[in-house]
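Visitor: With the sequence up front, the predicted model follows.
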Amino acid sequence: MRILHLISGLGQGGAEKLLLSVCKEHKVLGNIQKVVYFLDEHDLLPYFRKEGIDVISLAPKRGVMKSLFIVRRIIKQFNPDIIHTHLVRADSIGRAAGLFSSHGKIISTIHNCDEWKRKKTINSLLLRFFNCVTVNLCGRVSLIAVSESVKRFCMITEKIRADKIIILHNFAGNISANDGEVITRNRIGVPDNAFLFVNVGRLTDQKNQLEILRAAKVFRNRNVYFLILGEGELRAKFETLIADKELANVVLEGYVENVSDYLKIADMMLLTSKYEGQPLTVLEAAKCKLPVLASNIEAIRDLDDNGLRVTMYEEGNRQALVKVIEAVLSGSIDYQALANDAYHYSLAHTAAHYTKQLTEIYGGENVTQKNIIQK
């Protein structure tokens, strides 16, 4: 099978990591692949090349129309059986280029409930119209939603027909140990007897790590520490807040490749996002048997309903977060039992299982949600 993957960038996000893991599985299966990306984000590029995957960069500063014609030419030359797109820019350009050619089934994986799509701006209105028309009216086009909440979002916000969307849950990639320096609490300045929360994600408004800093202020004299792994546009703001509020119990470690090594020294993951599709970080925590405290957004409630059990607090409610942390510290919540349930969930959601289901979607003429669930 010849598969053309298109993704907006190769940054440090969950969609990019998921694609890398899937490409590895396709390589094992003997499928021929090519990856095209558009933005000036190259963090994972060396890992794709290490796997021998052909990667084409259309970054930077190529406009939409120029990228469209280049992708159309790539499609003509590569002659894919499947055109698979990820993230908004790649979805739009890849789907349009694919429809202008006669090559391959076109599938877009929707990874997130992007709240900006709900706004009544020219860009969001045009995008919703484009998605509604191209998905609903074109037989070659279909969507994969990473969670039930993402499917609902597509149906309500973009008016996509339910039968055009198949849910395929994410998985946690293989957890590999760091080959270099051993990660210890002492290395990052956290006492061995402290309770350590860890957050993994880009420093953005969506991930809402500002709530972590506010909680840290409440617990700064309680031997409770907060470790944040990730980079983003809010780093300078966070550094200033940490200095101004004297939050010695917050560690901004930046972007790390060996996330699992940090998860292993933590007591609990803390996810404060305002919205998600299906966060890979929670799945990674589950695979490490690390309990999770998360905002009760739709994606988290879906995971909990499906068996990946987490402790939740009301999203956006600072007092609720503090109250739940107090309950965790007092031992009144059996969060370790929830972590054990989550671990068993992670065992059933592997890269091989995911790729098997994905291959069914690629090859099936009339694949239904019932077929995928049964497999």
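Guide: Received, thanks.
Visitor: Could you look up the SS state of the residue of the chain positioned farthest from its centre?
Guide: Taking C-alpha atoms, centre = their mean, the residue of the chain most remote from its mean C-alpha position is Asn221, at 33.6 Å. Counting by DSSP: H, G, I helix; E, B strand; the rest coil, the backbone at Asn221 sits in coil.
Visitor: Backbone dihedrals for it, both of them.
Guide: Asn221 adopts backbone torsions of phi -110, psi 20, taken as degrees, to the nearest 10.
Visitor: now it: how far from Gln209?
Guide: 21 Å (C-beta to C-beta, to the nearest Å). Any C-beta I mention is one placed from the backbone N, CA and C, and that applies to glycine too.
Visitor: one step back: so what pLDDT did the residue farthest from the centre of the chain get?
Guide: Looking at Asn221, its pLDDT is 93.
Visitor: Report pLDDT for Ala59.
Guide: Ala59 is assigned a pLDDT of 84 by the prediction.
Visitor: just the strands in this protein please.
Guide: Using DSSP state E, the strands of the chain run over residues 2-7, 32-37, 54-57, 82-86, 105-110, 141-145, 165-167, 195-200, 224-229, 250-254, 268-271, 292-295, 311-313.
Visitor: Take those strands and write them to JSON lines, including mean neighbour count.
Guide: What follows is these, written out as JSON lines (neighbours: other C-beta atoms under 10 Å):
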{"stretch": "strand 2-7", "mean neighbour count": "25"}
{"stretch": "strand 32-37", "mean neighbour count": "22"}
{"stretch": "strand 54-57", "mean neighbour count": "16"}
{"stretch": "strand 82-86", "mean neighbour count": "27"}
{"stretch": "strand 105-110", "mean neighbour count": "25"}
{"stretch": "strand 141-145", "mean neighbour count": "22"}
{"stretch": "strand 165-167", "mean neighbour count": "20"}
{"stretch": "strand 195-200", "mean neighbour count": "23"}
{"stretch": "strand 224-229", "mean neighbour count": "23"}
{"stretch": "strand 250-254", "mean neighbour count": "18"}
{"stretch": "strand 268-271", "mean neighbour count": "25"}
{"stretch": "strand 292-295", "mean neighbour count": "24"}
{"stretch": "strand 311-313", "mean neighbour count": "20"}
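Visitor: among these, which is nearest Ala320?
Guide: strand 311-313 (4.5 Å; C-beta to C-beta).
Visitor: Kindly reformat the strands of the chain as TSV containing distance to Lys66.
Guide: Formatted as TSV, these follow (distance: least, C-beta to C-beta, whole Å):
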stretch	distance to Lys66
strand 2-7	15
strand 32-37	13
strand 54-57	14
strand 82-86	18
strand 105-110	21
strand 141-145	23
strand 165-167	31
strand 195-200	35
strand 224-229	36
strand 250-254	34
strand 268-271	38
strand 292-295	40
strand 311-313	45
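Visitor: closest to Glu284 out of these?
Guide: Closest among the strands of the chain, using C-beta to C-beta: strand 195-200, at 7.4 Å.
Visitor: ranges for the helices of the stretch 251-375 of the chain?
Guide: 259-263, 280-287, 298-306, 318-330, 335-348, 351-363, 369-374 (DSSP state H, counting those that start in this stretch).
Visitor: which of those helices sits most buried?
Guide: Across the helices of the stretch 251-375 of the chain, the average number of neighbours (mean count of other C-beta atoms under 10 Å) peaks for helix 280-287, which reaches a mean of 26.
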